[in-house]
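In: Okay, sequence plus prediction incoming.
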Amino acid sequence: MSILTLRPARMRAPPIVSVLIPVYNGERHLPECLESVLAQDFYDVEILIADDGSGDGSQKIIEQFAARDPRIRSWRNTRNLGQTQNHNLCLREARGTFIKFVHQDDKLLSASAIRKLVSALMEHPEASLAAVASDVIDDHGHLKYQRDFFKAGVADGRHIIRACFEAVANPIGEPTVVMFRKTQAARGFLDDYKQLWDLEMWFHLLEQGNFVYLAEPLCAFRQHAAQQTNVNVRNGIGQNEIWTLLETYYTKPWLRAIVTQRMLINHARFLKKSQGKLGRHAELLLAEIRSQIKPTSYLTYWFERKWRHQVTKIKKLQANYVRGQNQRN
């Protein structure tokens, strides 16, 4: 039995971009998300909306928007696939050269967001992943803070993987803030990951080419208590998956060749905190990492952390000021 029923495709030639919107109980913010996609000044897109069996009013909202724009192709899964597999289904159904996910809680901040990401990838055919700076907003759409982790321009993809390991985080961002080529992501997202499934895919792509970054907040990522990310953090899922990624990639010779003292120290700290939860393998890896840390590196690391802490405090104060202004307005 098919897991979906497609509306008839109403575009003859394959579009340049497939905008993919996986949906599950997203009625609260879905209209704002879809409006931001329809407002784009780059028209050669198909918009695929996959409702994973929502129990709220999401399907009615999707039908209303589909009636407005012939580029929308939507379906409702006959059974709930879950987050990762619904993303993979969207990816398989996409016909565009470039893939642009937009999550139901998020939105595109600029009408030129898709056009600028397409231009970045077309101007740099050696690049396998493009990303933008982003606004982090709350449940009501108010700015919490802005994320801008990289310098604008092109960087070696493997160096960006290293930067993520140095941060012990995902500074690239969520699917809403990136664009990539369908051919390079044909493998799909791995269902083994529940929290870092997106970061694992970014690593998969960045091993294939360069990274293009636009230091302009073209997208907004919404944070709220009910989203799956917060549920996973409370359950400690992300912590285990950081270890899994490290274990997978630390065996690669290319990463060993470019590893930095900052990355080693940060992961030594992480593994020490998680030692009791991750088992004997983590203890062995911790011992190996510690053996490669130079004694003088700890002092340098301490000064860097102090400096970054001060910069973060200043950015938070600025964000709080902006948020206060927005709330007054």
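Out: That came through, no problem. These figures come from a predicted structure and were not determined experimentally. Numbers count the residues shown, from 1 in each chain.
In: can you give me the helices in this structure?
Out: 30-38, 58-68, 83-93, 113-123, 157-167, 197-206, 228-234, 237-249, 253-258, 261-278, 280-291, 297-328 (DSSP state H).
In: now the angle from the fourth one to helix 30-38?
Out: What it means is helix 113-123. Inter-element angle recorded for helix 113-123 and helix 30-38: 50 degrees (by axes from the mean of the first three to the mean of the last three CA atoms, to 10 degrees).
In: mind listing what's buried in helix 113-123?
Out: 113-118, 120-121 (16 or more other CB atoms under 10 Å). The C-beta positions use only the backbone N, C-alpha and C, and glycine is treated the same way.
In: With respect to A67, which of those residues is nearest?
Out: When these are compared for distance to A67 (CB to CB), I114 wins out at 22.1 Å.
In: how near is the closest one to D41?
Out: 8 Å (CB to CB, to the nearest Å).
In: on that earlier part again, mean pLDDT lowest for which of the helices of the chain?
Out: With a mean of 53, helix 228-234 has the lowest mean pLDDT of the helices of the chain.
In: Which single strand of the chain contains the most residues?
Out: strand 210-222 (DSSP state E).
In: Against which helices or strands is that one packed?
Out: Contacts defined by 3 or more CB pairs under 8 Å, 6 or more residues apart in numbering; DSSP states H and E place strand 210-222 against strand 107-108, helix 113-123, strand 127-137, strand 153-155, helix 157-167.
In: ok, 10 Å please
Out: Packing partners of strand 210-222 (3 or more CB pairs under 10 Å, 6 or more residues apart in numbering; DSSP states H and E): helix 30-38, strand 107-108, helix 113-123, strand 127-137, strand 143-147, strand 153-155, helix 157-167, strand 178-181.
In: Direction included, what does that strand pair against?
Out: strand 107-108 (antiparallel), strand 127-137 (parallel), strand 153-155 (antiparallel) (DSSP bridges).
In: quick one: average confidence on the shortest one?
Out: If I follow you right, that is strand 107-108. Strand 107-108 comes out at a mean pLDDT of 98.
In: Now find how far off-centre it is within its chain.
Out: 13 Å (CA atoms, centre = their mean, to the nearest Å).
In: same check, this time on the longest one
Out: Counting by CA atoms, centre = their mean, strand 127-137 is centred 8 Å from the centre of its parent chain.
In: got it, and stretch 64-82?
Out: How far stretch 64-82 lies from its chain's middle: 22 Å, per CA atoms, centre = their mean.
In: can you check stretch 21-36 too?
Out: Distance, stretch centre to chain centre, for stretch 21-36: 17 Å (CA atoms, centre = their mean).
In: For stretch 96-113, output the C-alpha coordinates as PDB.
Out: Provided in PDB are the C-alpha atoms of stretch 96-113 (Å, rounded to 0.1, in the frame of the first residue of the first chain):
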ATOM      1  CA  GLY A  96      14.500  20.200  -8.300                       C
ATOM      2  CA  THR A  97      18.300  20.500  -8.600                       C
ATOM      3  CA  PHE A  98      18.500  22.300  -5.300                       C
ATOM      4  CA  ILE A  99      16.800  21.300  -2.000                       C
ATOM      5  CA  LYS A 100      15.400  23.900   0.400                       C
ATOM      6  CA  PHE A 101      13.700  22.600   3.500                       C
ATOM      7  CA  VAL A 102      11.500  25.000   5.500                       C
ATOM      8  CA  HIS A 103      10.200  23.700   8.800                       C
ATOM      9  CA  GLN A 104       6.600  24.300   9.800                       C
ATOM     10  CA  ASP A 105       7.500  26.500  12.800                       C
ATOM     11  CA  ASP A 106      10.100  28.500  10.900                       C
ATOM     12  CA  LYS A 107      10.000  31.100   8.100                       C
ATOM     13  CA  LEU A 108      12.000  32.800   5.500                       C
ATOM     14  CA  LEU A 109      12.700  36.400   6.500                       C
ATOM     15  CA  SER A 110      13.500  37.900   3.100                       C
ATOM     16  CA  ALA A 111      11.800  37.500  -0.200                       C
ATOM     17  CA  SER A 112      15.200  37.000  -1.700                       C
ATOM     18  CA  ALA A 113      16.300  34.100   0.600                       C
END
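In: Fine by me, thanks again.
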